[in-house]
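[1] just to be clear, the model below is a prediction. Sequence and coordinates:
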Amino acid sequence: MAEKTRLKAIRFPESLARDLSKYVRRGRQSDFIIRATEEALLRLKQTEAIKECQGVFNPEKYPEFRDRESIEAWVRNLRREAEKRLAGWSPDEK
C-alpha cells in the first residue's frame, strides 16, 4: 500500500524552477524533488549520527581506528577476508 501523501507549498527561486522544468519532464518533477529531498535528509541524518558517535572509538580501545592509515588497512583486511569467503561460494550451493 502506498504511503499517504501531503501537499506542501514550497517556494523555489525562479532560476531553480526553470532548471527543474528544463531538465525534468513535467509529470516527474514531484518524484524528482521527493528523491532529492530524501537524499539530502539522509546526508543530514548521517552527519548527525557521526557527530553523536564522535569519540566512541578511542585509539586505546580500537587501535584500528587510530588514524587514516590504520583505518584503510583495517578496511583492506576486511575486504580481503570477504573476498576469500566469497571465492569458494557458488550460487548452486545450499
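    Structure's in. What do you need?
[2] which parts of stretch 17-33 are buried?
    The neighbour-count check on stretch 17-33 (16 or more other C-beta atoms under 10 Å) flags nothing as buried. All C-beta spots, glycine's among them, are computed from the backbone N, C-alpha and C.
[3] may I have that stretch as CSV, with CA atoms only?
    Only the C-alpha atoms of stretch 17-33 are listed here, as CSV (Å, rounded to 0.1, in the frame of the first residue of the first chain):
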residue,chain,number,x,y,z
ALA,A,17,12.2,26.3,-11.1
ARG,A,18,13.3,27.0,-14.7
ASP,A,19,16.1,24.4,-14.4
LEU,A,20,13.8,21.9,-12.9
SER,A,21,11.3,22.4,-15.8
LYS,A,22,14.2,22.3,-18.3
TYR,A,23,15.8,19.0,-17.1
VAL,A,24,12.9,17.1,-15.6
ARG,A,25,9.7,16.4,-17.5
ARG,A,26,6.5,17.8,-16.1
GLY,A,27,4.9,14.6,-14.8
ARG,A,28,8.1,13.6,-13.0
GLN,A,29,9.0,16.7,-11.1
SER,A,30,7.4,15.8,-7.8
ASP,A,31,9.2,12.4,-7.8
PHE,A,32,12.4,14.2,-8.6
ILE,A,33,12.0,16.6,-5.7
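[4] pull the residues that contact that stretch.
    Contacts with stretch 17-33, where a contact means C-beta atoms under 8 Å, 6 or more residues apart in numbering, come from residue 12.
[5] what about residue 64, neighbour count?
    Look at residue 64: counted by other C-beta atoms under 10 Å, it has 14 neighbours.
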